[in-house]
Each structure stands twice: as C-alpha cells, then as structure tokens.
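# Based on what follows, work out the 3D shape:
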Amino acid sequence: MKSLPLLCFALLFGCGVLAQPQTQSLFNGKDLTGWHLDVPAMDKDSSVQSPFFVRDGLLITAGEPQGHLITDSVYRNYRLEIDYRFPSTPGNAGALIHASTPRALYEMFPKSIEVQMMHENAGDFWCIVEDIEVPDMESRRGPPETWGITEGKARRIENLTDGSERPLGDWNTMIIETVDSSVRVWVNGDLVNDGFNSTADRGHIALQAEGSAVEFRKVLLTPIEKLTPQ
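Model (predicted):
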C-alpha cells in the first residue's frame, strides 16, 4: 500500500494540480470579451465609434479617437506575448502593464508602465504616474533633475537596441515578463529593456489607440515565478 504522502502526490498530479501554469489567450479572436474601453471622446458624443474592433480574427485599433482597451482582470507575475504590426504607415502604440487609476496623465493615460510599440522605438519604457529604474539611467533618461512621472517630466527610458523591429507591414513579437518589481522586454528575440524597482507590481493590461492603425493577432499570458535569463 502506498504511503499517504505518495498517494496524495499521485492524486494531485493525476488531477493536474501540479501541472505547469497554463497559457491563456486574452484575445479570443472573435470579440472584445474580457476587455473594456476607456476612450474619453466617447464620453462626450455617443456617435463616436470605438477605435478598437475585431476583423478577420485580428484585434484592431484604428488609432483614433485615442484611448485604451483595458483588461477586466488584474494580473501579477506573468509573461505577456503580443504579435502586432502597423499594416500601412508607421506610427505609435503601446502595451501598458500594472495599469490602475484611469486618465491619471493628460486626462488620457492610466497610471501604469508603458512598453512602447512606436515604430523604431519598440521597447522604450514610459513612466505614467508609476516609475521604474534601469541600468545607465542618466544616459537613457537624461539628467536626474528632469526625471519624473507626471506631465512635463522626463518619463521616457530609451531601449537598448536599434534594428530589432521587422520591416513595416511584417509582424513583430513583443514579450514582456514581469515578476515582483522587475520588468524585462524582448522584441523579435532581442532583449530591448530590463527594469527593476518598479513602483507597481500588478494591475490591468492595456493596449493603446494613439493615432495609428495597429493590428494584433496574439495576446497570450502565462503565469511565471521568475524571469527568463538575459
């Protein structure tokens, strides 16, 4: 007869309790279930169309009016994998992590850490009423006396690489890992940013409509306990 600890282990394993964390798709390919909109222009005019919609299995932002598509759920300690592209002209967009208070900056952006998707700047951090540190802060953010997390401050932290993005119209893969107060980002396999001492370690995830048409075909989230080594 099996000992009680071994029997319990077998039962737990057989029921999948000890299985590896499961990846979930935050986008179902059909509609925006699991997400909600925050688009200030829609507050004032009910005829304004949402900049976010689904077409041919892709999650699309038209770019205007500007705003955010935000997960209903809050997440902590995860790996986020996003496939995105600018289908026609280069432009701006971003993935926001640890998002909380809506419209905390410029009455538009939720309190968060933005991982930039802007063409030729993918992987920059932008501090949006939250902060994060990186090595070589002064060379990548400017003089310390200019740093800040609110309007008019040096909120941009430049990424580590040039040339990590694919040609316009091709798909890019961005991977964002966050564990506790650390955030590590890859674009198409290149490590493009590595931050620590983030002032937030959990929150909603948001995608931006920021003036440019962007297509997303994959938004996958996997719980993790540690970052992938550099």
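
# is the residue nearest to the spatial centre of the chain in a bridge, and if so with what?
In the chain, the C-alpha nearest the mean C-alpha coordinate belongs to residue 95, at 3.3 Å (CA atoms, centre = their mean). Counting by DSSP bridges, residue 95 forms beta bridges with residue 115, residue 207.

# Pull the contacting residues for it.
Residues near residue 95 by CB atoms under 8 Å, 6 or more residues apart in numbering: 80, 82, 114-115, 117, 174, 176, 205-208. Any C-beta I mention is one placed from the backbone N, CA and C, and that applies to glycine too.

# list the buried ones in stretch 146-153?
147, 149 (16 or more other CB atoms under 10 Å).

# for it, how far is the first residue from the last?
Taking CA to CA, to the nearest Å, the first and last residues of stretch 146-153 lie 6 Å apart.

# which residues are in contact with it?
Taking CB under 8 Å, 6+ apart as the rule, stretch 146-153 contacts 105-106, 127-131, 137, 141, 154-155.

# Please narrow those to those residing in helices.
Among the contacts of stretch 146-153, DSSP state H puts 137, 141 in helices.

# Output the below-cut-off pLDDT ranges for this protein.
1-20 (pLDDT under 70).

# Could you rerun that using 80?
Counting by pLDDT under 80, the chain shows low-confidence ranges at 1-21.

# Who does the strand ranked longest in it pair with, and is each partner parallel or antiparallel?
Secondary structure of the chain read by DSSP state E shows that its longest strand is strand 214-223. Sheet pairing here is set by DSSP bridges, and for strand 214-223 it gives strand 24-25 (antiparallel), strand 58-61 (antiparallel), strand 78-85 (antiparallel).

# Could you check how far residue 80 is from residue 27?
In this view, residue 80 and residue 27 are 12 Å apart by CB to CB, to the nearest Å.

# so what's in contact with these two at the same time?
With CB under 8 Å, 6+ apart as the test, residue 80 and residue 27 both reach residue 219.

# Could you verify that residue 228 is part of a strand?
No. Under the criterion used here (DSSP: H, G, I helix; E, B strand; the rest coil), residue 228 is coil, not part of a strand.

# which residues touch it?
79, 177, 184.

# Could I get the full set of helices for this structure?
4-14, 40-44, 137-141.

# Need the nearest residue in space to residue 206, chain neighbours excluded.
Leaving aside its sequence neighbours, residue 206 sits nearest to residue 96 (CB to CB, 6 or more residues apart in numbering; 4.0 Å).

# State the distance spanning the first to the last residue of stretch 44-58.
Stretch 44-58: ends 28 Å apart by CA to CA.

# Same check on stretch 36-46?
End-to-end distance (CA to CA), stretch 36-46: 16 Å.

# Just the residues contacting it, thanks.
Contacts with stretch 36-46, where a contact means CB under 8 Å, 6+ apart, come from 48, 50-52, 65-70, 72, 102-103, 107-108, 110, 206, 209.

# and if you look at stretch 160-167?
Outside stretch 160-167, the residues that reach it (CB under 8 Å, 6+ apart) are 85, 119-120, 122-123, 172, 187-188, 190-194.

# Can you lay out these as a markdown table showing distance to residue 226 and neighbour count?
Formatted as a markdown table, the contacts of stretch 160-167 follow (distance: CB to CB, whole Å; neighbours: other CB atoms under 10 Å):
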| residue | distance to residue 226 | neighbour count |
| --- | --- | --- |
| 85 | 30 | 20 |
| 119 | 32 | 17 |
| 120 | 31 | 10 |
| 122 | 24 | 26 |
| 123 | 21 | 25 |
| 172 | 25 | 18 |
| 187 | 21 | 24 |
| 188 | 23 | 17 |
| 190 | 20 | 16 |
| 191 | 16 | 17 |
| 192 | 19 | 26 |
| 193 | 18 | 24 |
| 194 | 14 | 19 |
